[in-house]
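Enquirer: no letters, just coordinates:
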């Protein structure tokens, strides 16, 4: 797939505003005293910029050049080091905290996901923390994603029609084709995404194999223990 259209990038922050998840990540960074932080899959950098306070060194990495350019152009964007790339572009540093928010883990297919975990482990200092969330496959969130009939909303670029088609590929892989039509220009933008749904057990085994110890598994941003029925699996793991 090509990069995101600039108009779609401009809508990203309003479609994905900060909330309880940003509060959780900020509190975690404070709790462990993180001074060097990596936000892997940072998107437009809304969370990334919020972490760049109190003299911290913060790096944001994303494979989308359009997202990185937008992030760097925003207010206070100069406080963050922005890199266009994936986990192989992580600087050879020893980070205290690596964050993958916005269900980034589900956008990385196997075996690339295992490679990503190894790259992150190499970038973390001993006892450094990796934190990320992933949708619980038992909740079957993809069953609510199909939207065959277009809905319309107003944007600064005029009316935008949106619809989505979902295909279950099996083995926890869900393909979604997101279609967007800007009515005034009759421009149709299509994004094909494959999401990988992994169980808690699978994620923990993959983390262990990559050199991590899972220290916490939460079922909500309020740090309620995961018991198996929650929509999200939030994992904190320590580099060993």
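Expert: Here it is on my side, so go on. Everything numeric in this text was worked out from a predicted model, so none of it was measured.
Enquirer: now residue 232: how far from residue 102?
Expert: From residue 232 across to residue 102, the span is 12 Å (C-beta to C-beta, to the nearest Å). Every C-beta, even on glycine, is put in place using the N, C-alpha and C of the backbone.
Enquirer: got the contact list for the closest residue to residue 240 other than its chain neighbours?
Expert: By the measure of C-beta to C-beta, 6 or more residues apart in numbering, the closest residue to residue 240 outside its immediate chain neighbours is residue 213, 5.0 Å from it. Counting by C-beta atoms under 8 Å, 6 or more residues apart in numbering, residue 213 touches 207, 237-238, 240.
Enquirer: for residue 187, same thing?
Expert: residue 181.
Enquirer: in the helix or strand encompassing the residue nearest to residue 240, which residues are buried?
Expert: When elements are assigned from DSSP states H and E, residue 213 belongs to strand 212-218. Going by neighbour count (16 or more other C-beta atoms under 10 Å), the buried part of strand 212-218 is 212, 214, 217-218.
Enquirer: show me where the protein has helices.
Expert: When secondary structure is read from DSSP state H, the chain shows helices at 6-15, 20-31, 46-51, 65-73, 112-123, 200-209.
Enquirer: need the winner for burial among these.
Expert: When you average the neighbours per residue for each of the helices of the chain (mean count of other C-beta atoms under 10 Å), helix 46-51 leads with a mean of 22.
Enquirer: what packs against that helix?
Expert: helix 20-31, strand 36-40, strand 57-62 (3 or more C-beta pairs under 8 Å, 6 or more residues apart in numbering; DSSP states H and E).
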